[in-house]
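Engineer: this one's structure only:
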């Protein structure tokens with residue numbers, strides 16, 4: 001990593017740190033799209049000289065950013081043997097998220113269903129619905145919302161939380177998994193979530209943790225950076241400060257995700273083996289080759305499991321999941 005203090009010659013509002021408004025920054029490193037290879041361009045990742053929030057600089061325009069999100073960015077199960085195996089695996093590891101969120105549902109006294117913002121294909125919502133919970137999904141992609149309806153049989157709407165199509169205080173729980181780091185204005189989404197939650201409602205968020213051992217180990221090749229789609233890279237202290245500044249009280253923190261931490265490390269080691277990366281990039285594979293590669297990737301994920309458990313036990317896991325209560 002390189003660290004070089006920079007003071008922009010021409011200061012635009014978009015150049016200011018979204019957390020503290022500071023204009024001074026340090027260049028940490030440059031990187032490109034390792035996961036999906038949507039571009040060969042290199043992008044600068046900087047750190048605020050004051051609060052040390054990490055972010056992509058300068059931020060791409062909306063038109064540019066849209067090019068870095070390939071079709072079917074979310075998971076949509078197929079019908080072949082490899083797809084069925086992948087669907088089984090995702091159901092298994094998503095149980096970690098379901099149990100965390102169920103506890104939030106059980107503890108809150110707030111009325112209303114659960115809203116999952118950035119719901120993708122809706123598998124997480126399907127698992128909750130199968131356990132008897134009322135759920136609703138929201139995603140900016142019409143294809144994702146249709147997949148949630150047609151494949152996982154859960155209600156979903158196409159839209160964004162910046163212009164929410166819901167009345168205030170409509171939900172008991174709002175979840176945002178790996179969403180805030182993709183946004184130009186993560187604080188605005190947190191503020192809207194506050195308005196949409198009923199009194200005593202719960203917000204559950206998960207983001208990559210740039211204070212993790214994995215980031216120290218892999219640097220710009222860490223899967224959690226995901227250049228150029230991640231506009232902001234939160235450390236645990238950053239996301240806690242954001243939630244507390246918008247009226248939330250932190251109730252629980254979890255530094256390990258069975259779905260994300262071991263697999264994320266495996267992808268950092270070999271992005272070319274990542275099943276979603278291969279599917280999105282449309283790597284030509286026979287069914288047998290696909291199964292073999294999936295098996296190798298799964299084996300690598302298992303090998304990463306002990307390390308990710310240790311880093312999480314030391315509160316330095318590669319993801320941070322938080323339950324916060326609306327004050």
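Structural biologist: The structure has been received and is ready for your questions. Model, not experiment: these values are computed from the prediction.

Engineer: how about the strands in this protein?
Structural biologist: Using DSSP state E, the strands of the chain run over 4-6, 25-31, 43-48, 54-57, 114-117, 135-139, 156-158, 171-177, 197-208, 232-233, 248-254, 319-326.

Engineer: Let me see the contact set for residue 47.
Structural biologist: Contacts for residue 47 (Cβ atoms under 8 Å, 6 or more residues apart in numbering) come out as 3, 25-26, 28, 53-54. Any C-beta I mention is one placed from the backbone N, CA and C, and that applies to glycine too.

Engineer: Same check on residue 137?
Structural biologist: Counted by Cβ under 8 Å, 6+ apart, residue 137 has contacts 115-116, 119, 122, 125, 145, 148, 154-157.

Engineer: ok so, going back, will you turn the strands of the chain into CSV that also has distance to residue 242 and mean pLDDT?
Structural biologist: Formatted as CSV, these follow (distance: least, Cβ to Cβ, whole Å; pLDDT from 0 to 100):
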stretch, distance to residue 242, mean pLDDT
strand 4-6, 24, 48
strand 25-31, 18, 95
strand 43-48, 13, 96
strand 54-57, 13, 95
strand 114-117, 15, 98
strand 135-139, 20, 96
strand 156-158, 25, 95
strand 171-177, 12, 98
strand 197-208, 9, 98
strand 232-233, 10, 97
strand 248-254, 9, 98
strand 319-326, 10, 98
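
Engineer: how far away is the nearest residue to residue 273 once chain neighbours are set aside from residue 93?
Structural biologist: Computed as Cβ to Cβ, 6 or more residues apart in numbering, the closest residue to residue 273 that is not its neighbour in sequence is residue 297, at 4.4 Å. Note on residue 297: its distance to residue 93, by Cβ to Cβ, to the nearest Å, is 13 Å.

Engineer: Equivalent analysis for residue 64, please.
Structural biologist: Relative to residue 93, residue 64 is positioned 33 Å away (Cβ to Cβ).

Engineer: Tell me which of these two has more neighbours.
Structural biologist: Higher neighbour count among residue 64 and residue 93: residue 93, with 16 against 12, using other Cβ atoms under 10 Å.

Engineer: Now for the closest residue to residue 93 other than its chain neighbours, how many residues are close by?
Structural biologist: Counting by Cβ to Cβ, 6+ apart, residue 93 lies nearest to residue 259, which is 3.9 Å off, once chain neighbours are set aside. Residue 259 is flanked by 20 other residues according to other Cβ under 10 Å.

Engineer: Equivalent analysis for residue 269, please.
Structural biologist: When neighbours are defined as other Cβ under 10 Å, residue 269 has 18 of them.

Engineer: Likewise for residue 123?
Structural biologist: Using other Cβ under 10 Å, residue 123 has 22 other residues around it.

Engineer: got the buried residues for stretch 307-327?
Structural biologist: Using 16 or more other Cβ atoms under 10 Å as the test for burial, stretch 307-327 gives 307-309, 311-312, 316-326.

Engineer: so which of the residues you listed comes closest to residue 232?
Structural biologist: residue 320 (13.6 Å; Cβ to Cβ).

Engineer: got a list of what the nearest residue to the closest one once chain neighbours are set aside touches?
Structural biologist: For residue 320, ignoring the flanking residues on the chain, the nearest one in space by Cβ to Cβ, 6+ apart is residue 209 at 4.4 Å. The contact partners of residue 209, taken as Cβ under 8 Å, 6+ apart, are 215, 224, 234-236, 255, 316-320.

Engineer: Quick check: pLDDT value at residue 209.
Structural biologist: Residue-level confidence at residue 209 comes out at 98, pLDDT.
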